[in-house]
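J.: Here is my input; please provide its structure:
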Amino acid sequence: MINKCFLFYKMKLSKRLKSIVEMVQVHSKVADIGTDHGYIPVYLYSNGISDYIIASDVKLASINKAIDEIERHKLSENIIVRLGDGLSVVKPYEVDTAIIAGMGGILIADILEKDKNIASTIKRFILQPMTSSDHLRRYIYENGYSIIDEDLVFEKGKFFEIITVEHGIETVDDEIFFEIGKKLFEKSHPLLKDYIRYKIGKLNKIVDEVSKSNNSVSLKEDILHKIKKYEVLLYESEMPDNSRND
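T.: Now for the predicted structure:
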């Protein structure tokens, strides 16, 4: 039972963390993998979203920071803290939601792959890759997961992608959606066009660097091809019905 005196506690989260907690269903049993300071577990419990939460991290220093945060809010008896690697800290069927945020997309995919036996017992994953989101999405689509929602946050000069995943079969008809989440396109996310322009800008800079070397013609062609795909996506995102079927 959640201690009622904490239900209306207001904790200011960053935009990135706020987007993550908004993906958590009320009354879920949650594991925050790579909890760092423990802000998400404290917020989830204090706001009545979850009363069974595991805060874990592979680094002892991060665990100590999480413990300090949890103790500061007098929640030591309410939040479970575990030191360990990835999903290995969770027992089968112990939680129904796992948050894996603030690390590279390749590492997140490796965590899901390493402990498949645990991952298979968890209903929902809320993933927030700092890099290599294309690698992560490819892994998701090729390993029996389905992306059910995505969000995009711009904070401190950076874009952050939040990907909510459940078990299921899903395919994409264009590999460009490994790069930019299809759900962002379907829901006409307000930051989508800015994000596509940002991606195009980054690729144009790479083209300029590659052009100076004069020894990577095929690489330049590949990048220019991707830019064209982004430009098509940008054009379609500006259409009234966001339809790719016309």
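
J.: Now do the contacts for residue 60.
T.: Residue 60 makes contact with residue 83 under the criterion C-beta atoms under 8 Å, 6 or more residues apart in numbering. (Glycine included, C-beta is placed from N, CA and C.)

J.: Repeat that for residue 112.
T.: Neighbouring residues of residue 112 by C-beta under 8 Å, 6+ apart: 87, 100, 119, 125, 139, 143.

J.: one more time with 6 Å
T.: Neighbouring residues of residue 112 by C-beta atoms under 6 Å, 6 or more residues apart in numbering: residue 119.

J.: Who's the closest spatial neighbour of the residue positioned nearest the centre of the chain, skipping the chain neighbours?
T.: Most central in the chain under C-alpha atoms, centre = their mean is residue 128, positioned 2.0 Å from the mean C-alpha point. Leaving out its chain neighbours, the residue that sits closest to residue 128 by C-beta to C-beta, 6 or more residues apart in numbering is residue 101, at 3.6 Å.

J.: give me the number of residues near the one you found?
T.: By other C-beta atoms under 10 Å, 23 other residues sit near residue 101.

J.: helices or strands up against the helix or strand hosting it?
T.: Using DSSP states H and E, residue 101 falls within strand 97-103. Where contact means 3 or more C-beta pairs under 6 Å, 6 or more residues apart in numbering; DSSP states H and E, strand 97-103 is packed against strand 29-33, strand 124-129.

J.: residue ranges of the strands in the chain, please?
T.: Counting by DSSP state E, the chain has these strands, from start to end: 29-33, 52-57, 79-83, 97-103, 124-129, 145-155, 158-167.

J.: List the buried residues in the longest one.
T.: Residues of strand 145-155 classed as buried under the neighbour-count rule (16 or more other C-beta atoms under 10 Å) are 145, 147, 149-153.

J.: got it, and the last one?
T.: In terms of neighbour count (16+ other C-beta under 10 Å), strand 158-167 has its buried residues at 160-165.

J.: can you check the fourth one too?
T.: Neighbour counts over strand 97-103 (16+ other C-beta under 10 Å) mark 97-103 as buried.

J.: Report how many residues lie close to the closest residue to residue 76 other than its chain neighbours.
T.: Using C-beta to C-beta, 6+ apart and skipping the chain neighbours, the partner closest in space to residue 76 is residue 70 (5.8 Å). Each residue near residue 70 was counted by other C-beta under 10 Å, and the total is 24.

J.: Isn't residue 70 up against residue 40?
T.: No. The pair residue 70 / residue 40 is not scored as a contact, 11.3 Å apart, by C-beta atoms under 6 Å.

J.: Is the spatially closest residue to residue 120 that is not a sequence neighbour bridged to anything, and to what?
T.: Spatial nearest neighbour of residue 120, excluding adjacent residues (C-beta to C-beta, 6+ apart): residue 167 at 7.5 Å. Counting by DSSP bridges, residue 167 forms beta bridges with residue 145.

J.: how close does residue 167 sit to residue 141?
T.: As judged by C-beta to C-beta, to the nearest Å, residue 167 and residue 141 stand 12 Å apart.

J.: just residue 80 next, same as before
T.: To residue 141, residue 80 is 32 Å away according to C-beta to C-beta.

J.: Same question for residue 236.
T.: From residue 236 over to residue 141 (counting by C-beta to C-beta), the distance is 21 Å.

J.: Equivalent analysis for residue 69, please.
T.: Taken as C-beta to C-beta, the span from residue 69 to residue 141 is 35 Å.

J.: Next: residue 174.
T.: Taking C-beta to C-beta, one finds residue 174 at 12 Å from residue 141.

J.: Give me the neighbour count for residue 111.
T.: The number of residues packed near residue 111 is 22, by other C-beta under 10 Å.
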